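Asker: task: produce atomic coordinates for the following.
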Amino acid sequence: MAIDTVAPTPILLTRLRALQTLGVLCGFVAGAWLGGAEAPIKLAAASIPPTTVSLVMVIGVFLARWSLPALVRGTSSIRNDVQQAPHLIVWAVLAGAMWAVANTLTVYAIRDVGLSIAFPLWNVNSLLGIFWGFTLFNELRQAGFARWLGVLGGALAMFAGAALLASASSTQAPAGRATSGVMAALGAGFLWGTMYVPYRKAYLTGMNPLSFVTFFTVGELVTMVALALSYSGVTTIWHDLAQSRPVLFWLMLGGLIWVIGDLFQQYATKYVGISRGVPLSNTNQLWGLVWGILVFGELQGTTHHLYAQVVGGSVAMALGAMAIAFSSATGEEHLHWQGAAERETQRYGLDAAYVHASMQGTEPGRDPIRRTWIDWLFIAGTTAIFVVLGLGARLPAMHINLAWATLVSIVMLALFLVCGIALWRTTRFS
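Answerer: This is a model prediction of the structure:
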């Protein structure tokens, strides 16, 4: 059965369902890896100022965001995407700048209120994702009462969970830091929620996620360097790095893990939209809860009432996100997505066939993947940096349950393999 209105070449419903199923899977895997990315940061955040933590992590992110696309598709494919939609470079850099500020705020939030509380608070970005998706990109148009009920009911559940966790934070946080930690987490959520606007513009107009993130990370790095220099200065940053060499590997690793999660999140945003993709990836709150409580022993020695608040708030937010995510787009709603894509096509003078093919998870006339010496230079250089830092890495003197850490890491790797294979089979990473 084909959709025969709005779009000049309709997307078959069978293909649409396959892409949406893939998008849902990518969202869940993104949640696992985005949640796991904060665990290495936890290992180093106590010994380095937050701005330096974020700077080192962003350096790791920068290396990974260029190396992974070079490994998967080759940098020549990035050039082809830029030729088709050059305006998206500006949007990608802007999104990266917002991410850098938000990421710095998360370091403060983790320091002040802990992983298990900070995660759900900054995940209010789901609410902004729903708002921007509906307002700017025609998501949820003609979605039907049941899907609207799922979205609005999920939003209310997320509000309730966030309020419960904010209340619990005043008990768990160090004296005088509860308010600052909550504000930092909410500020990060606001920036991340708005950051998804450039994401959606990119994927409605055809740019491949692996191409988008390479320019995205330019905005990340430039903004983070500016923040670090203005806040600390060159001398202080150099001193912090020299004194903290044994934990630099963990920060760089956090950046690498974050990039993997974010790539899956990019594909989720592309195929199920920001109103569903953002809440799905925000299941990272549950992974944050697992890492915080099982691996790092957060909340140990506290009252049963506090445990009930944290777990209950997290579950409420997760259920709300699930309700939103599984209110999947109907054929009628997807017609409005295609209408938004046509609007973007006309605004920027894009190739309509290129845009429509991208919405189907294909790339017309794409050349076979070819990797040049530049690609292998990126890959080899990044690998060498991680190996050198890893040889000098040390675990800090803090409680870490290595058995739980190993088990959770194995589960994350399994999810990575399952979703990676599904992406290749369904879209060839398009």
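Asker: and the average pLDDT for stretch 71-91 is what?
Answerer: Summarised as a single mean, pLDDT over stretch 71-91 is 82.
Asker: for the stretch 51-200 of the chain, what are the low-confidence residue spans?
Answerer: 115-116, 119, 143, 162-163, 165-177 (pLDDT under 70).
Asker: got it, and the stretch 251-400 of the chain?
Answerer: Residue ranges of the stretch 251-400 of the chain with pLDDT under 70: 299, 301-302, 329-330, 364-369.
Asker: where along it do the helices fall?
Answerer: Using DSSP state H, counting those that start in this stretch, the helices of the stretch 251-400 of the chain run over 274-281, 284-290, 304-325, 331-348, 352-359, 373-391.
Asker: CA atoms only for the longest one, dumped as PDB, please.
Answerer: So the one you mean is helix 304-325. Coordinates of each C-alpha in helix 304-325 appear next as PDB, following Å, rounded to 0.1, in the frame of the first residue of the first chain:
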ATOM      1  CA  HIS A 304      14.200   3.900  52.200                       C
ATOM      2  CA  HIS A 305      12.200   7.000  51.600                       C
ATOM      3  CA  LEU A 306      14.900   8.600  49.500                       C
ATOM      4  CA  TYR A 307      15.400   5.400  47.500                       C
ATOM      5  CA  ALA A 308      11.700   5.400  46.800                       C
ATOM      6  CA  GLN A 309      11.800   9.000  45.600                       C
ATOM      7  CA  VAL A 310      14.800   8.400  43.200                       C
ATOM      8  CA  VAL A 311      13.600   5.100  41.800                       C
ATOM      9  CA  GLY A 312      10.000   6.200  41.700                       C
ATOM     10  CA  GLY A 313      10.900   9.400  39.900                       C
ATOM     11  CA  SER A 314      13.100   7.600  37.400                       C
ATOM     12  CA  VAL A 315      10.500   5.000  36.700                       C
ATOM     13  CA  ALA A 316       7.800   7.700  36.200                       C
ATOM     14  CA  MET A 317      10.000   9.500  33.700                       C
ATOM     15  CA  ALA A 318      10.900   6.400  31.900                       C
ATOM     16  CA  LEU A 319       7.300   5.300  31.500                       C
ATOM     17  CA  GLY A 320       6.400   8.700  30.300                       C
ATOM     18  CA  ALA A 321       9.100   8.600  27.700                       C
ATOM     19  CA  MET A 322       8.000   5.100  26.600                       C
ATOM     20  CA  ALA A 323       4.400   6.300  26.200                       C
ATOM     21  CA  ILE A 324       5.600   9.100  23.900                       C
ATOM     22  CA  ALA A 325       8.000   6.900  22.000                       C
END
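Asker: which one, of the helices of the stretch 251-400 of the chain, ends up nearest to residue 212?
Answerer: Closest of the helices of the stretch 251-400 of the chain to residue 212 is helix 352-359, at 11.4 Å (criterion: Cβ to Cβ). C-beta here means a position set from N, CA and C on the backbone, and glycine is covered the same way.
Asker: elements contacting the closest one?
Answerer: Secondary-structure packing of helix 352-359 (3 or more Cβ pairs under 8 Å, 6 or more residues apart in numbering; DSSP states H and E): helix 178-204, helix 331-348.
Asker: so which elements touch the stretch of helix or strand residue 217 belongs to?
Answerer: Per DSSP states H and E: residue 217 is located in helix 209-231. Applying 3+ Cβ pairs under 8 Å, 6+ apart, we find helix 209-231 packed against helix 50-72, helix 75-84, helix 88-113, helix 178-204, helix 245-272.
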